[in-house]
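1. Sequence and predicted structure, then a few things I'm wondering about:
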Amino acid sequence: MPPIVIGPTVAIIGLSLAGNAVGDMTSGGLKVNNVSVASAPIAVLCGLVTLLTIVIASVYGKKSGKLFPFVYGILAGYAFSSVLTVIGNLAGIDALKVVDYSALKALFADGVSFSSFLAVPDFTFLTAFGAFGELSGSYVLTVVVAYVPVAFVVFAEHIADHKNLSSIIESDLLEEPGLSRTLLGDGVGSLAGALFGGCPNTTYGESVGCVAITKNASVYTIIAAAIGAMAISFISPFVAFVNSIPSCVMGGVCMALYGFISISGIKMIQGIDFNENKNLFVASSILIAGVGGLSLTFGKVTLTAVACALIVGIIVNLVVSAKKDDAE
């Protein structure tokens, strides 16, 4: 998978998430029958406050602003949303009720206790397979067939992210420690996350974007952040606060973060000559397949638009590369 295949594929990953960011940005946190109580314009306003705070903190801020622009953005968006929610509650205007405080209220519903401040998160790995009742050969085969194409998409994003990180720290990570070791680390992380019932993970272009913005690529910082994230997951008030953050606020954050993924893919192809038809055909076929939402379903297995776009790109690249080999 050369850059002409990886770059557009990673760009598609970011573009495919654009709808999620916009959808979140138009929705408040307080919902009735899964419908946002707050009006869409109010939700978008809260999302824009979040986004603009991130931009201002990163571009114009001093040291702390450049290091924690997303923290400032979330806090500013949450504070603004809370002010609107208080006004909405006092005036009886549903359109202004953005924040859902039910998670925070439930925390102290039975009074202040030890469990109100410290609790063990729910680990779902023991029941992830329905007490292992679904671990049949056909079930495992279905999962394998469904996830192998996804794995190749993750490989593409992995390579792109490490290429971008390499340019940031001015050291080729694909050479040292090497692609085999970085992929192994990515796989071990995915395995550990699955065993504890966590979300699927990858190298995440959003995180690479954060490194590029903050200019902080310290391994010790990453380790400290990982340990800190695990530690605070046991602190109930913090977990309740995170659960109360409105969708529109996170939508404002994702407007920037998902864009970072697309930009990381575009950076990989900025030096490619698109006057050559072979490069033009590979990139255009990936972009159109991905943006157009080409997906295929075979029984219980569905190949997503990103996976199909990558497969199309690989096939087209093999076809155009054959001509080059003949000429040589």
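-> Cool, the structure landed.

2. what ranges do the helices span in the stretch 1-150 of the chain?
-> 3-16, 18-25, 40-60, 63-67, 69-91, 102-107, 137-169 (DSSP state H, counting those that start in this stretch).

3. Point out the other elements, helices or strands, that the helix or strand that the longest one is followed by touches.
-> Spelled out, it's helix 137-169. Using DSSP states H and E, the helix or strand that follows helix 137-169 in sequence is helix 179-195. Applying 3 or more Cβ pairs under 8 Å, 6 or more residues apart in numbering; DSSP states H and E, we find helix 179-195 packed against helix 137-169. For the C-beta atoms, the positions are set from N, CA and C on the backbone; glycine is no exception.

4. Same list (the helices of the stretch 1-150 of the chain) but as JSON lines, adding mean neighbour count.
-> Output for these, formatted as JSON lines (neighbours: other Cβ atoms under 10 Å):
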{"stretch": "helix 3-16", "mean neighbour count": "25"}
{"stretch": "helix 18-25", "mean neighbour count": "17"}
{"stretch": "helix 40-60", "mean neighbour count": "20"}
{"stretch": "helix 63-67", "mean neighbour count": "14"}
{"stretch": "helix 69-91", "mean neighbour count": "18"}
{"stretch": "helix 102-107", "mean neighbour count": "15"}
{"stretch": "helix 137-169", "mean neighbour count": "17"}
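
5. Nearest to Asn243, out of the ones you listed?
-> Comparing these by their distance to Asn243 (Cβ to Cβ), the top pick is helix 102-107, with 4.2 Å.

6. circling back to that earlier point, can I get the helices of the stretch 1-150 of the chain in JSON lines with mean pLDDT?
-> Listed next are the helices of the stretch 1-150 of the chain as JSON lines, based on pLDDT from 0 to 100:
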{"stretch": "helix 3-16", "mean pLDDT": "87"}
{"stretch": "helix 18-25", "mean pLDDT": "92"}
{"stretch": "helix 40-60", "mean pLDDT": "94"}
{"stretch": "helix 63-67", "mean pLDDT": "77"}
{"stretch": "helix 69-91", "mean pLDDT": "94"}
{"stretch": "helix 102-107", "mean pLDDT": "82"}
{"stretch": "helix 137-169", "mean pLDDT": "79"}
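
7. is it possible to export those to JSON lines including distance to Ser180?
-> Formatted as JSON lines, those follow (distance: least, Cβ to Cβ, whole Å):
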{"stretch": "helix 3-16", "distance to Ser180": "17"}
{"stretch": "helix 18-25", "distance to Ser180": "33"}
{"stretch": "helix 40-60", "distance to Ser180": "35"}
{"stretch": "helix 63-67", "distance to Ser180": "32"}
{"stretch": "helix 69-91", "distance to Ser180": "32"}
{"stretch": "helix 102-107", "distance to Ser180": "43"}
{"stretch": "helix 137-169", "distance to Ser180": "12"}
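
8. among those, which is nearest Ala224?
-> Closest approach to Ala224 among the helices of the stretch 1-150 of the chain is made by helix 63-67 (13.0 Å; Cβ to Cβ).

9. contacts for that closest one?
-> With contacts defined as Cβ atoms under 8 Å, 6 or more residues apart in numbering, helix 63-67 is touched by Ile56, Ala57, Ser58, Tyr72, Ile213, Thr214, Lys215, Asn216.

10. Surely the fourth one and Ala57 touch.
-> Yes: the pair formed by Tyr72 and Ala57 meets the contact definition of Cβ atoms under 8 Å, at 4.5 Å.

11. Alpha carbons only: can I get stretch 143-159 in PDB?
-> Coordinates of each C-alpha in stretch 143-159 appear next as PDB, following Å, rounded to 0.1, in the frame of the first residue of the first chain:
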ATOM      1  CA  VAL A 143     -16.200 -12.100  12.800                       C
ATOM      2  CA  VAL A 144     -12.900 -12.900  11.100                       C
ATOM      3  CA  VAL A 145     -14.300 -12.200   7.600                       C
ATOM      4  CA  ALA A 146     -15.900  -9.000   8.800                       C
ATOM      5  CA  TYR A 147     -12.800  -7.600  10.500                       C
ATOM      6  CA  VAL A 148     -10.000  -8.600   8.100                       C
ATOM      7  CA  PRO A 149     -10.900  -5.700   5.700                       C
ATOM      8  CA  VAL A 150     -11.200  -3.400   8.600                       C
ATOM      9  CA  ALA A 151      -7.700  -4.400   9.700                       C
ATOM     10  CA  PHE A 152      -6.300  -3.400   6.400                       C
ATOM     11  CA  VAL A 153      -7.900   0.000   6.800                       C
ATOM     12  CA  VAL A 154      -6.300   0.300  10.200                       C
ATOM     13  CA  PHE A 155      -3.000  -0.600   8.700                       C
ATOM     14  CA  ALA A 156      -3.300   2.200   6.200                       C
ATOM     15  CA  GLU A 157      -4.200   4.700   8.900                       C
ATOM     16  CA  HIS A 158      -1.400   3.400  11.100                       C
ATOM     17  CA  ILE A 159       1.200   4.000   8.400                       C
END
